[in-house]
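Participant: Need coordinates for the following:
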Amino acid sequence: MATTEKPFRVIIVGGGLVSLTAAHIFSKTDIDFVILEQHENLLPEIGSLLNLWPPTFRILDQLGLLDAVQPVLNDIKLGVTLSADDGTILSQIDPNTIIQKNHGYGVRVTHRPLFIEALYRNLPDSAKARINLRKRVVNVKVSDDGVSVECEDGTIEDGSIVIGADGVHSRVRQCMQAMAEGKPPPDKSRPQKSPYVTTYRMLFGNIPIPPGLDSNVNRECAAERVSTQLLTGDSQAWFGVYEALDKPTSERIRYTEKDKQKVLEKWGHLYMAPGWTVRDVYALHVGEAGMVNLEEGKVDKWFWKRIVLVSDAVRKLEPHAGLGYNSGLADVVVLVNKLRRLLQTDPSPTTEALEVVFADYQKERMKDEPVIQSMSRRRARITGWLSPMNRIMAKYIAPWTNMAYWSLLYIFAPVVSRVPVLEWLEEKSLKETPMVPYVHHPLTDGTEATSKRSLSKGHSSYGISIYTGAIALAALIAAGFQYYRRI
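Facilitator: Just a heads-up that it's a prediction; the model follows:
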């Protein structure tokens, strides 16, 4: 008797933003899936700020979600960098006029819980039924033709592959690495060593827009080893205090109310906006304020056999540049594009065939990984200075060279232009070719359409050469100015 092939089934571990968006993506395919989330609900305990890049709007457009998320989005009309010590303005820029012209969409910000609600509310009922809450994963097992995911409550989910989208402290990653080394799964009761390093920690929360401050302005205040941020949206604001640790660590730390008060006592005098100090702003906070480590780094191996990792399970980015969710979503887009292509020709792929797809996925995503990591690290350090050069960059080089503008054109723009889209879904809202054309477009007649007008390597290198020369000259001038002041 002929054996019946098992239908291909994806088990997604983690129910965060990336997984919710993945649910929308998989619901547009013929691929079965299930999501396992350890918490009792999908909403975070503390509401925080979320940045959305232009390529993310292209994906939302393909998924038919632009109208659904529009009511919870906030524009950024002005970006201002100030001194945290005295509140004086160091530089300012209107970023979205430039970004909208270059890419067809601007950067928007949103309140994370509201965005999650919008994504969940617009899922098909069949996709909502695939989200299982209170499913804490303890172990993953891999066989020749499938995977089994064991949960703390004793339930077992069987499938074809596991996608680990379970964050910084990914249990899927821990189990995968242990199996690759021929070891048993690590003890969940013991803290596991993180592949990431924490240099900064953040105190954060949300507040009403402080009286006298304009809406839709991102204010970042720079100082030695600490920085502050106050971003006003349409009807609410978000704040953050970013403090450098005495020594970088890979340990997991859970902060208490006492820790939050110590940060407030130490840095309460710093400015967050003209006329507003950290202490003033904190007094307005609504609900609970949060405090977390801001891990940074990446994982070398993103897959093993029938297990593959995405988003914070493979990289962690400091949040100043707002790259986390956007990068994680791009991971899923690339992975599903390649997986869907494989399943069209082979509905029951072997482990070896899946590993080829996973390796190709990691290779493609790694192309821009160094730039993404660098953008994130530099944005953090140009505000919370760790060295004299960071200070010179923020106070002199950045303002004198109009660095924010050139960064948007020659660093931000090429990366944005190369972000992939879903190959099989129509893109409806981007009617005209933006100033910096996108490289990837949905498939046309079975062949991916690529833009021929994208920034060439020569153009990009030329611009960066001019930009680098300007920075070098400004650095020499700034150094001379510093020396002049001393004498």
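Participant: all contacts plus neighbour counts: C-alpha atoms, from now on.
Facilitator: Will do.
Participant: Tell me the spacing between the residue most central in space within the chain and residue 316.
Facilitator: The chain has residue 324 as the residue nearest its centroid, 0.7 Å off, counting by CA atoms, centre = their mean. Note on residue 324: its distance to residue 316, by CA to CA, to the nearest Å, is 7 Å.
Participant: hang on, residue 66 packs against residue 60?
Facilitator: Yes - the criterion here is CA atoms under 8 Å, and residue 66 meets it with residue 60 at 5.6 Å.
Participant: the more surrounded of these two?
Facilitator: A side-by-side neighbour count of residue 66 and residue 60, using other CA atoms under 10 Å, places residue 60 first with 20 against 15.
Participant: contacting residues for the nearest residue in space to residue 140 that is not next to it in sequence?
Facilitator: Closest residue to residue 140 apart from its sequence neighbours, by CA to CA, 6 or more residues apart in numbering: residue 149 at 4.6 Å. Contacts for residue 149 (CA atoms under 8 Å, 6 or more residues apart in numbering) come out as 137-141, 156-158.
Participant: Output the residues you listed as JSON lines; include the columns pLDDT.
Facilitator: Output for the contacts of residue 149, formatted as JSON lines (pLDDT from 0 to 100):
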{"residue": "137", "pLDDT": "97"}
{"residue": "138", "pLDDT": "96"}
{"residue": "139", "pLDDT": "96"}
{"residue": "140", "pLDDT": "97"}
{"residue": "141", "pLDDT": "97"}
{"residue": "156", "pLDDT": "97"}
{"residue": "157", "pLDDT": "98"}
{"residue": "158", "pLDDT": "98"}
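Participant: Show the buried residues in the residues you listed.
Facilitator: Buried residues within the contacts of residue 149, defined by neighbour count using 16 or more other CA atoms under 10 Å: 137-141, 158.
Participant: could I get those residues as a markdown table with secondary structure and distance to residue 210?
Facilitator: Listed next are the buried ones among the contacts of residue 149 as a markdown table, based on DSSP: H, G, I helix; E, B strand; the rest coil; distance: CA to CA, whole Å:
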| residue | secondary structure | distance to residue 210 |
| --- | --- | --- |
| 137 | strand | 42 |
| 138 | strand | 45 |
| 139 | strand | 47 |
| 140 | strand | 48 |
| 141 | strand | 52 |
| 158 | strand | 51 |
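Participant: Would you point out the most distant pair within the residues you listed?
Facilitator: 138 and 158 (14.2 Å; CA to CA).
Participant: Give me the pLDDT value at residue 482.
Facilitator: On pLDDT, residue 482 comes in at 37.
Participant: nearest residue to residue 202 other than its sequence neighbours?
Facilitator: Residue 202 sits nearest to residue 242 (CA to CA, 6+ apart), 4.5 Å away.
Participant: For my notes, confirm that neighbour occurs in a strand.
Facilitator: Yes - looking at residue 242 with DSSP: H, G, I helix; E, B strand; the rest coil, it is inside a strand.
Participant: Hmm, it is touching residue 199, no?
Facilitator: No - proximity of residue 242 to residue 199 does not meet the contact threshold set by CA under 8 Å, at 9.9 Å.
Participant: and these two? which has more neighbours close in?
Facilitator: The residue with more neighbours, out of residue 242 and residue 199, is residue 242; 27 against 22, by other CA under 10 Å.
Participant: which residues sit in contact with residue 163?
Facilitator: 10-13, 307-310.
Participant: Narrow the residues you listed to those in strands?
Facilitator: 10-13, 307-309 (DSSP state E).
Participant: Please report which of these has the highest neighbour count.
Facilitator: Within those, most neighbours by other CA under 10 Å means residue 309, with 30 neighbours.
Participant: low pLDDT regions in this structure?
Facilitator: 1-4, 45, 444-487 (pLDDT under 70).
Participant: Apply 50 and report the result again.
Facilitator: Applying pLDDT under 50 to the chain flags residues 1-2, 446, 451-487.
Participant: Does residue 443 belong to a helix, a strand or coil?
Facilitator: With three-state DSSP as the criterion, residue 443 reads strand.
Participant: and it, what are its bridge partners?
Facilitator: residue 448 (DSSP bridges).
Participant: I'd assumed residue 420 was in contact with it.
Facilitator: No - with contact defined as CA under 8 Å, residue 443 does not reach residue 420; the gap is 11.6 Å.
Participant: and stretch 353-369, which residues are buried?
Facilitator: Of all the residues in stretch 353-369, those buried under the rule 16+ other CA under 10 Å are 354-355, 357-358, 361-362, 365, 369.
Participant: do the same with stretch 161-180
Facilitator: 161-177, 179.
Participant: Stretch 35-44 too?
Facilitator: 35-38, 42-43.
Participant: now swap in stretch 262-270 and tell me
Facilitator: So, applying 16+ other CA under 10 Å, buried residues of stretch 262-270: 263-264, 267-270.
Participant: One more: stretch 286-296?
Facilitator: If you call a residue buried by 16+ other CA under 10 Å, then stretch 286-296 has these buried ones: 289-291, 293-296.
Participant: chain center to that stretch, what's the gap?
Facilitator: In this view, stretch 286-296 has its centroid 16 Å away from the chain centroid, taken as CA atoms, centre = their mean, to the nearest Å.
Participant: With stretch 265-278 instead?
Facilitator: On CA atoms, centre = their mean, the centre of stretch 265-278 falls 27 Å from that of its chain.
Participant: Next, the distance between the ends of that stretch.
Facilitator: Start-to-end, stretch 265-278 (CA to CA) is 10 Å.
Participant: neighbouring contacts of that stretch?
Facilitator: Under CA under 8 Å, 6+ apart, the answer for stretch 265-278 is 82-88, 219-221, 228-230, 241, 264, 279-281.
Participant: swap in stretch 100-112?
Facilitator: Taking CA under 8 Å, 6+ apart as the rule, stretch 100-112 contacts 44, 47-54, 57, 72-76, 96-97, 99, 233, 413, 416-417, 430, 432-438.
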